[in-house]
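Engineer: I would like the atomic coordinates for the input below:
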Amino acid sequence: MTILLFWAMALLLFFIASELGQRLGLIAIVSQLLLATLGLPLLMVFWVQPHWQLDGAALVAPTWLQTLYGLSFALLLGHILSDVVELKFDRQSLKIAVPSFLVPFICGLACGVLLLPEQPWLSNLALGLVFAITAIPVLYLYLRNIDYPPAATRRLMQSAILIDLTCWLLFGIGQGSLQPLSLLVPVLAACLPAPLYALGVRKPWVYSLVFFGLLFVAEYLHLNALLFGVGYLICMAWLKLPLQLPLSALWIKRLQNGVAIPMILTFGVIQIDLHNVLQGFDAVQLAALLLLPIISKLLGNWLGLSWATPSFAGASKWRESLLLNIRGLSEIVFLNLLLQQQLISPALYFALMLMSLVATLMPALAGLQRTPLKTVETPRRPYAEH
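Structural biologist: Coordinates of the predicted model:
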């Protein structure tokens, strides 16, 4: 009963934080990150552990909670991946994406090898990908909130999608290389749309229902959910079949903001022992984890934007570099995946959460203003309005 009370209280706190943040002009994910990074650890230390005698392991142990977490994870990851595989890309987006991915990725690999305690090569690979990732949904919300020109919005979104697609694929292949069966099963499951199509199934909702169902099963069984998700949606795109979300856009948004995102954030944060969370790092390592991902990402963004032609007259490379440095939801899903598979420590998870929060707040702290520039084009899809 106490565990159920804690989770009800956590969801209520996220709702209050989102409402307060909205009054202050913050988008939901920023308010949620602030609560998860600063509020929940203090709640655990000063109330839950001393008064309720519950630690993180006990709070995530119930089977019903594991199931709810799996459903939340499948909903968020499926929605993010549907954004990743949807658009066609132009050369200018590719020019931005290549340095924006490579510079922070190489920096993250070097940080894992040279600055952190010895860890498996897959953990170093994952750290490089965390350095490189860009949050697709949060980037879109920022661009929409500042009335960014539609053509420029599309190009930045395409660049972010290319970066994230590369991250998902590299991690999926790297993880699968250690366990061939965990690679083979998701790949075979990802090809399921082909036989369904050959059998004459044409209803998009059937393919979408199978997609979200198998995504949940893959996460629940600790199979390679990323590789399955990307492969399945690529197969659907090859067959020219659209992904139909299981609920309306309004209900998807409500479920994500009200349940799924709070579940995923809380599930990861409460497993951290705040008393000892940063003892594994010295000052140099902690500074590197907080600063190097942001600095290297900004440098990569700047190089890519300098290589590509300007998106419109008067476009600011500094502004667009800050926007492409946004982390948020995509990185949180990725970090939770790494933590659940014990590829990163709770201390490293918490440090990267702090980095993600700072990077996501930077465009707002830098005072990005609404731009009066407009074009007649419109983005093809409202990316992940959650």
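Engineer: list the contacts for residue 333?
Structural biologist: Contacts for residue 333 were tallied using C-beta atoms under 8 Å, 6 or more residues apart in numbering; they are 73, 76, 77, 80, 264. Where C-beta positions appear, they are placed from N, C-alpha and C, glycine not excepted.
Engineer: mind redoing it with 10 Å?
Structural biologist: By C-beta atoms under 10 Å, 6 or more residues apart in numbering, the contact set of residue 333 is 72-73, 76-77, 79-81, 133, 135, 226, 260-261, 264, 268.
Engineer: Drop anything exposed from the residues you listed.
Structural biologist: Burial by neighbour count, judged by 16 or more other C-beta atoms under 10 Å, picks out 72-73, 76-77, 79-81, 133, 135, 226, 260-261, 264, 268 from those.
Engineer: From those, which land in helices?
Structural biologist: 72, 73, 76, 77, 79, 80, 81, 226, 261, 264, 268 (DSSP state H).
Engineer: can you map out the helices along the stretch 201-350 of the chain?
Structural biologist: Under the criterion DSSP state H, counting those that start in this stretch, helices of the stretch 201-350 of the chain are mapped to 204-220, 225-238, 249-255, 261-269, 283-307, 317-324, 329-340, 346-365.
Engineer: tell me the mean pLDDT for the shortest one?
Structural biologist: Going back to what we said before, that points to helix 249-255. Along helix 249-255, the predicted local confidence has a mean pLDDT of 82.
Engineer: ok, the nearest residue to residue 330 once chain neighbours are set aside - contacts?
Structural biologist: The shortest distance from residue 330 to any non-neighbouring residue, by C-beta to C-beta, 6 or more residues apart in numbering, is to residue 135 (4.3 Å). Residues near residue 135 by C-beta under 10 Å, 6+ apart: 29, 80, 141-142, 160, 164, 324-334, 356, 359-360, 384.
Engineer: where does residue 135 fall, phi/psi-wise?
Structural biologist: Backbone geometry at residue 135, expressed as degrees, to the nearest 10, gives phi -80, psi 110.
Engineer: Which pLDDT value goes with residue 321?
Structural biologist: Predicted confidence (pLDDT) for residue 321: 92.
Engineer: Tally up the residues packed near it, please.
Structural biologist: Residues lying near residue 321 (other C-beta atoms under 10 Å) number 21.
Engineer: ok, it touching residue 304?
Structural biologist: Yes. The pair formed by residue 321 and residue 304 meets the contact definition of C-beta atoms under 10 Å, at 8.7 Å.
Engineer: before we move on, the earlier item: which stretch among the helices of the stretch 201-350 of the chain comes nearest residue 122?
Structural biologist: Closest approach to residue 122 among the helices of the stretch 201-350 of the chain is made by helix 329-340 (9.5 Å; C-beta to C-beta).
Engineer: roughly how far apart are the closest residue to residue 210 other than its chain neighbours and residue 228?
Structural biologist: With C-beta to C-beta, 6+ apart as the measure, residue 192 is the residue that lies nearest to residue 210, at 6.4 Å, once sequence neighbours are left out. Plainly put, residue 192 is 10 Å away from residue 228 if you go by C-beta to C-beta, to the nearest Å.
Engineer: what touches both of these two?
Structural biologist: Common neighbours of residue 192 and residue 228 (criterion: C-beta under 10 Å, 6+ apart): 211, 214.
Engineer: quick one, which of the two is more surrounded?
Structural biologist: Each of residue 192 and residue 228 has its neighbours counted (other C-beta under 10 Å); residue 228 has more, 25 against 18.
Engineer: On the pLDDT front, check the more buried one for me.
Structural biologist: Per-residue confidence for residue 228 comes out at a pLDDT of 85.
Engineer: With the one 4 residues further on instead?
Structural biologist: For residue 232, the model assigns a pLDDT of 90.
Engineer: Pull the contacting residues for the spatially most central residue of the chain.
Structural biologist: With the centre of the chain defined as its mean C-alpha position, the nearest residue by C-alpha atoms, centre = their mean is residue 330, 1.0 Å away. Contacts of residue 330 were listed using C-beta under 10 Å, 6+ apart, and they are 76-77, 80, 83-84, 133-139, 160, 163-164, 167-168, 356, 384.
Engineer: Over to residue 94?
Structural biologist: Residues near residue 94 by C-beta under 10 Å, 6+ apart: 158, 159, 162, 304, 307, 308.
Engineer: Would you write a PyMOL line that selects the buried entries of these?
Structural biologist: A single PyMOL command is used to select the members of these judged buried by 16+ other C-beta under 10 Å:
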select buried, resi 158+159+162+304+308
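Engineer: Now flag whichever of the contacts of residue 94 is closest to residue 43.
Structural biologist: Taking C-beta to C-beta as the measure, residue 43 lies nearest residue 159 of the contacts of residue 94, at 37.7 Å.
Engineer: Hmm, residue 157 and residue 138 touching each other?
Structural biologist: No. With the criterion set as C-beta under 10 Å, residue 138 and residue 157 do not qualify as a contacting pair; they are 11.4 Å apart.
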